[in-house]
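J.: this one's structure only:
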């Protein structure tokens, strides 16, 4: 139990939170300003998978006068947030670290780093592997009488949703391993319910991806692989019976004191 004089007032926590949020906002603004200077290049990189399939003679269009301007603003904002991510993670860590025990810090810090790693890996997988095949499928509907004229706004919306979706689904091994560490699930439970997980993956992929079989399968397949990886993680890092006994002993010692 903390002594009353050692407790930090709630208003101090709010003040600290306000300071951290201001720092995050400033970092995003700076990232946005830097990204806006390279907005055309960033958007060119983002559209490269589609332009490669469309051919050099085809271009994206904008159907309203302010569409290109606002699309570039969104591109710069998304890129600015990515540039500011190290600062955001640092401010988050500095805010919560004082309230953690030393053991909790050792566990949480690697989790934050791994979350960033898995999210980036998922986004890169979507960009380099899913985009080419998915866009090729969509462009396959063009014919002599039908021409594809994708707009900047629609492409940015689709691409950003897919990148975020793949980034999030790649967090699954970390989430399940953490649940196993807490004793919520076990590797045996995950193995037993593998077939139900497979069904959920296809349902989940159908919700997050466009309504076509190609992108749905290309999301479901890595989910299956990540699920198997989660089983390994749950087996290696899952909560053991010895951990439960240790916690019971600690709780009994605390009750005695």
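T.: Now that the structure is in, tell me what you want to look at. Only a predicted model underlies this, so the values are computations on that prediction, with no experimental measurement involved.
J.: for the rest of this, base every contact and every neighbour count on C-alpha atoms.
T.: Will do.
J.: so for the helix or strand where residue 111 lies, mean pLDDT?
T.: Take DSSP states H and E as the rule and residue 111 turns out to sit in helix 102-125. Throughout helix 102-125, pLDDT has a mean value of 85.
J.: skipping adjacent residues, who's closest to residue 156 in space?
T.: Distances taken as C-alpha to C-alpha, 6 or more residues apart in numbering put residue 71 closest to residue 156, at 7.4 Å, once the chain neighbours are dropped.
J.: same deal with residue 93?
T.: residue 109 (7.9 Å).
J.: roughly how far does the one you found sit from residue 116?
T.: 11 Å (C-alpha to C-alpha, to the nearest Å).
J.: what about the two, which has more around it?
T.: residue 116 (16 against 12; other C-alpha atoms under 10 Å).
J.: separation between that one and residue 73?
T.: Counting by C-alpha to C-alpha - residue 116 and residue 73 are separated by 24 Å.
J.: show me where the stretch 1-150 of the chain dips below the pLDDT cut-off.
T.: Where the stretch 1-150 of the chain drops to pLDDT under 70, the residues are 1-10, 56-57.
J.: go on, the stretch 151-257 of the chain?
T.: 210-212, 239-257.
J.: still on that earlier bit, now do the helix or strand encompassing the residue nearest to residue 156 and helix 102-125, the angle between them.
T.: Assigning secondary structure by DSSP H and E places residue 71 in helix 67-96. Computed by axes from the mean of the first three to the mean of the last three C-alpha atoms, to 10 degrees, the angle separating helix 67-96 from helix 102-125 equals 160 degrees.
J.: how about whichever strand or helix holds residue 30: buried residues?
T.: According to DSSP H and E, residue 30 maps onto helix 10-36. If you call a residue buried by 16 or more other C-alpha atoms under 10 Å, then helix 10-36 has these buried ones: 17, 20, 24-25, 27-36.
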